[in-house]
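# structure here, sequence nowhere to be found:
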């Protein structure tokens, strides 16, 4: 008899550059006005939402129980009639109607803005944790971290080509001096990860900055407890938003299921086998419908059928 469905908390940060349906004069000075319009459109559809009025120094909300519409410093300024922004979701749960929340967000976005531009400076970040403000255990973090390193090259081939060499989501093995010193040796990688005695130490094994494919900054003491996947493409609608959110949480669940750290080994031989394990994990989480059958559709080297 099957056990209970595993569940995780997750959230998404969506960077986009969009043109409003109704354009005010001096639009470049009115970004906060349109952040507020999107927040209001979300509230009109039953979601909790707030926005950055740009009078505060802090760009981000620390309250993750509502959508937060804000600026993104990495997007800079854009030509007239376009507004760069970031939409930060509340904490969602894979066992609840997280997908409907994403559908509603994009419905609200379309009410205020035209379809976002195809803008390669934009990306998406997915946060995954055991539960809201709940940490993975240290052993779980080590198991996930080992999988991230040994399957790094395969995962990069699952990404959009323009995300594969993006400086804001470089490989953890490239960022980390400790992992570089392992020179790809699986036993050395396993021993280096096992030697961490706290999440803070493991964070320092996995990276030297947050601009990595899998960011462990938030597993440190006093932080939110999430692992952040930074490799997602620019998002222009609900289908790909749910696709990349599913990918991130299913990969983490797959690494915990496989637990290659237990043997210091590598059980997945190639990209087809890895994607099969990710789909298997998504199926166990009851999220499989959001992933394409072929990884070539995920990375868009093949069109959707």
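Received, thanks. In this text the structure is predicted, and so the values were computed from the model without any measurement. Numbering: from 1, shown residues only.

# how about the spatially most central residue of the chain: what's its closest non-neighbour residue?
The residue lying closest to the centre of the chain (Cα atoms, centre = their mean) is residue 126, at 1.8 Å. Once its chain neighbours are removed from consideration, residue 126 has its nearest residue in residue 248; the separation is 3.8 Å (Cβ to Cβ, 6 or more residues apart in numbering). C-beta coordinates here come from the backbone N, C-alpha and C atoms, glycine included.

# swap in residue 66?
Nearest non-adjacent residue to residue 66, counting by Cβ to Cβ, 6+ apart: residue 48, 3.6 Å away.

# thought the one you found was touching residue 65?
Yes - using Cβ atoms under 8 Å, residue 48 is in contact with residue 65, at 6.5 Å.

# how about the strands of this structure, start to end?
Taking DSSP state E to define them, one finds strands in the chain at 9-18, 49-51, 67-70, 83-88, 92-93, 124-129, 214-215, 227-232.

# now do the same contact list for residue 172.
Under the criterion of Cβ atoms under 8 Å, 6 or more residues apart in numbering, the contact partners of residue 172 comprise 145, 148-149, 152, 179, 206-207, 212-214.

# swap the cut-off to 6 Å and go again
Residue 172 makes contact with 148, 206-207, 212, 214 under the criterion Cβ atoms under 6 Å, 6 or more residues apart in numbering.

# where is the longest helix in this protein?
Among all segments of the chain classified by DSSP state H, the helix with the greatest residue count is helix 238-258.

# buried ones in it?
Across helix 238-258, burial judged by 16 or more other Cβ atoms under 10 Å covers 238, 240-256, 258.

# against which helices or strands is that helix packed?
Based on contacts counted as 3 or more Cβ pairs under 6 Å, 6 or more residues apart in numbering; DSSP states H and E, the elements that helix 238-258 packs against are strand 9-18, helix 98-112, strand 124-129, helix 138-150, helix 271-284.

# tell me which of those sits nearest to residue 38.
Closest approach to residue 38 among those is made by helix 98-112 (5.0 Å; Cβ to Cβ).

# what residues does that closest one touch?
Outside helix 98-112, the residues that reach it (Cβ under 6 Å, 6+ apart) are 37-38, 41-42, 45, 47, 92, 237-238, 241-242.

# count of residues packed around residue 288?
The local packing of residue 288 (other Cβ atoms under 10 Å) involves 16 other residues.

# I figured residue 252 hits residue 128, correct?
Yes - Residue 252 is in contact with residue 128 according to Cβ atoms under 6 Å; the separation is 5.3 Å.

# dump the helices and strands packed on helix 238-258 to CSV, plus distance to residue 30 and mean pLDDT.
Formatted as CSV, the entries for the helices and strands packed on helix 238-258 read as follows, by distance: least, Cβ to Cβ, whole Å; pLDDT from 0 to 100:
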stretch, distance to residue 30, mean pLDDT
strand 9-18, 14, 97
helix 98-112, 13, 98
strand 124-129, 25, 97
helix 138-150, 41, 98
helix 271-284, 41, 98
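
# nearest to residue 228 among those would be which one?
Within the helices and strands packed on helix 238-258, the stretch nearest residue 228 is strand 124-129; the backing value is 5.2 Å (Cβ to Cβ).

# quick one: strands adjacent to the closest one?
Using DSSP bridges, the neighbouring strands of strand 124-129 in the sheet come out as strand 9-18 (antiparallel), strand 227-232 (antiparallel).

# between the strands of the chain, which one is closest to residue 156.
Comparison of these against residue 156 by Cβ to Cβ identifies strand 227-232 as nearest, at 7.8 Å.

# around residue 286, how many other residues sit close by?
Using other Cβ under 10 Å, the number of residues around residue 286 comes to 12.

# need the per-residue pLDDT for the closest residue to it other than its chain neighbours.
Here the nearest residue to residue 286 in space, its sequence neighbours aside, is residue 5; by Cβ to Cβ, 6+ apart that works out to 5.8 Å. Model confidence at residue 5, given as pLDDT, is 86.

# how near is residue 5 to residue 256?
The span separating residue 5 from residue 256 equals 14 Å under the rule Cβ to Cβ, to the nearest Å.

# what does residue 171 give?
For residue 171, the distance to residue 256 - Cβ to Cβ - is 21 Å.

# for residue 244, same thing?
Relative to residue 256, residue 244 is positioned 19 Å away (criterion: Cβ to Cβ).
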